[in-house]
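Asks: Take a look and give me a structure for this.
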Amino acid sequence: MALSADSPRLTTMAHGGGCACKIPPGELEQAVSALSGQRYEQVVVGLDDGDDAAAVRIRGDLAVLSTADFFTPVVDSPADWGRIAAANALSDIYAMGGEPVVAINLVGWPRDVLPFELLQEVLRGGLEVAQEAGCPVIGGHSVDDPEPKYGMAVTGTAHPDRLLRNDAAQAGLPLTLTKPIGVGLLNNRHKTTGEVFDQAIATMTQLNRDASRAALEAGARAATDVTGFGLLGHLFKMCRASGVGAEIDVTAVPLVDGASEALRDGYISGGTRRNLDWVRPHVDAAAGVRDEDLLLLADAQTSGGLLVVGEVPGYPVIGRTTAETPGRVTIRR
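Replies: Down below sits the predicted model:
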């Protein structure tokens, strides 16, 4: 079902779209500091380094992974929004090297503005992607909300000694990126103009399952997914947590078709600019690197790929980790 002619476009009903609507990273870290200090022997991965999901050991060879992710509409198609949001929520489990077991829906819906037939399409889209992942969707929670929101809380499992973590990066290894970046620019263009970018939808609805399994098979131990804080933000968080530095070759970073043109035409979200403001003090830009390059690398992604420390066959290498200047990212061109 599509929106009727007199219904507002979904993307115009929220102040931001997709992961670009996240609370800025610096502000978020300040807020969640109220939860610091918790120590439980069974918690393998907790709050300390802002990893993609929590990991709790329940026996020697089994950890339960837990995560939640939801956001405002990133596209006007309700079914595609549901598919994208589900892939994005499931990605946190794959980013930890796990497999999803069960999901529940999280919904905010303006019940007096949008028909429930549209919500059914959102839920059907989410179910479609969850079924592709082999993950049952059982129930959920909803609230009446002036801005539509949708996502999932997902539970998964992994071997506690074979997790992909953001605090386990070692220096001197390649950095692999498993999806192109730039969907934030295209999503912002879509929100502004109504243009539909099938290539952006295709990459956002693609599961990170195969990439996660390939990373584990290649022996990787450190990874994160690239979402609302952009490639630069998520790489900086991994470097800071692991005590390593990193170098990125901006010319090696793959872009989704149309991203360069959207950047040229100025479709840069406020979330992207806030990402760059946050990470800029920790970035060294070599000669020839332009502000446009940095904005692209800080582009707020929705359901992006995995950033893996180590070479993963079939995916592009975009840089390497270093022992120099821990916690800093150098950009070269």
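Asks: now stretch 295-304, how far from the centre of its chain.
Replies: 9 Å (CA atoms, centre = their mean, to the nearest Å).
Asks: Pretty sure residue 238 sits in a strand.
Replies: No - per DSSP: H, G, I helix; E, B strand; the rest coil, residue 238 lies outside any strand segment and is helix.
Asks: ok, so what distance separates it from residue 106?
Replies: Going from residue 238 to residue 106 by CB to CB, to the nearest Å gives 26 Å. To be clear about C-beta, it is placed using only N, CA and C from the backbone, and glycine gets the same treatment.
Asks: So for the two, which sits in the more crowded spot?
Replies: Legend: neighbour count by other CB atoms under 10 Å for residue 238 and residue 106, higher for residue 238 (28 against 21).
Asks: check contacts around residue 283.
Replies: 232, 236, 294, 328, 329, 330, 331 (CB atoms under 8 Å, 6 or more residues apart in numbering).
Asks: mind redoing it with 10 Å?
Replies: 232, 235-236, 248, 276, 289, 294, 297-298, 328-331 (CB atoms under 10 Å, 6 or more residues apart in numbering).
Asks: who wins for neighbours among the residues you listed?
Replies: Within these, residue 235 tops the neighbour count with 29 neighbours, counted by other CB under 10 Å.
Asks: so of the contacts of residue 283, which ones are in strands?
Replies: Judged by DSSP state E, the contacts of residue 283 include 248, 329, 330, 331 as members of strands.
Asks: Give me the nearest residue to residue 192, chain neighbours excluded.
Replies: Among residues not flanking residue 192 along the chain, residue 267 sits closest, at 6.5 Å (CB to CB, 6 or more residues apart in numbering).
Asks: ok, the one you found - how many residues close by?
Replies: Using other CB under 10 Å, residue 267 has 21 other residues around it.
Asks: okay, the ones in strands among the contacts of residue 283 in CSV with pLDDT and distance to residue 40 next?
Replies: Converted to CSV, the ones in strands among the contacts of residue 283 look like this (pLDDT from 0 to 100; distance: CB to CB, whole Å):
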residue, pLDDT, distance to residue 40
248, 98, 36
329, 97, 32
330, 97, 37
331, 97, 38
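Asks: quick one: which of those is nearest to residue 53?
Replies: residue 329 (23.5 Å; CB to CB).
Asks: Could you measure from the closest one over to residue 212?
Replies: From residue 329 to residue 212 the distance is 23 Å (CB to CB).
Asks: and residue 309, backbone torsions?
Replies: When quoted as degrees, to the nearest 10, the phi and psi of residue 309 stand at phi -90, psi 110.
Asks: An error on my part: the question was meant for residue 173.
Replies: As for residue 173, its main-chain torsions (degrees, to the nearest 10) stand at phi -110, psi 150.
Asks: from memory it sits against residue 245, does it?
Replies: No - assessed by CB atoms under 10 Å, residue 173 is found out of contact with residue 245, at 11.9 Å.
Asks: pLDDT score assigned to the nearest residue to residue 182 once chain neighbours are set aside?
Replies: Sequence neighbours aside, residue 259 is the residue nearest to residue 182 in space, at 2.5 Å (criterion: CB to CB, 6+ apart). Residue 259 carries a pLDDT score of 98 in this model.
Asks: For the most centrally placed residue in the chain, give me its contacts.
Replies: Central residue of the chain (CA atoms, centre = their mean): residue 227, 2.4 Å from the mean position. Applying CB under 10 Å, 6+ apart, we find residue 227 in contact with 18-20, 22, 52, 69, 71, 88, 91-92, 95, 184, 233-234, 300-305.
Asks: Narrow these to those in helices?
Replies: The helices, defined by DSSP state H, take in 88, 91, 92, 95, 184, 233, 234 from these.
Asks: Which one of these sits in the busiest neighbourhood?
Replies: The most crowded member of the ones in helices among the contacts of residue 227, judged by other CB under 10 Å, is residue 184 (35 neighbours).
Asks: Just confirm it contacts residue 233, I think it does.
Replies: No - with contact defined as CB under 10 Å, residue 184 does not reach residue 233; the gap is 11.8 Å.
Asks: Pull up the overlap in contacts between those two.
Replies: Taking CB under 10 Å, 6+ apart as the contact rule, residue 184 and residue 233 both touch 227, 272, 275, 298, 300, 301.
Asks: Including distance to residue 83 and pLDDT, could those residues go into JSON lines?
Replies: Converted to JSON lines, the shared contacts of residue 184 and residue 233 look like this (distance: CB to CB, whole Å; pLDDT from 0 to 100):
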{"residue": "227", "distance to residue 83": "16", "pLDDT": "95"}
{"residue": "272", "distance to residue 83": "23", "pLDDT": "95"}
{"residue": "275", "distance to residue 83": "25", "pLDDT": "96"}
{"residue": "298", "distance to residue 83": "25", "pLDDT": "98"}
{"residue": "300", "distance to residue 83": "19", "pLDDT": "96"}
{"residue": "301", "distance to residue 83": "16", "pLDDT": "97"}
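Asks: which one among those residues gets closest to residue 309?
Replies: When the shared contacts of residue 184 and residue 233 are ranked by distance to residue 309 (CB to CB), residue 227 comes first, at 17.5 Å.
Asks: and the closest one, which of the three is it?
Replies: coil.
Asks: All good on my end, thank you.
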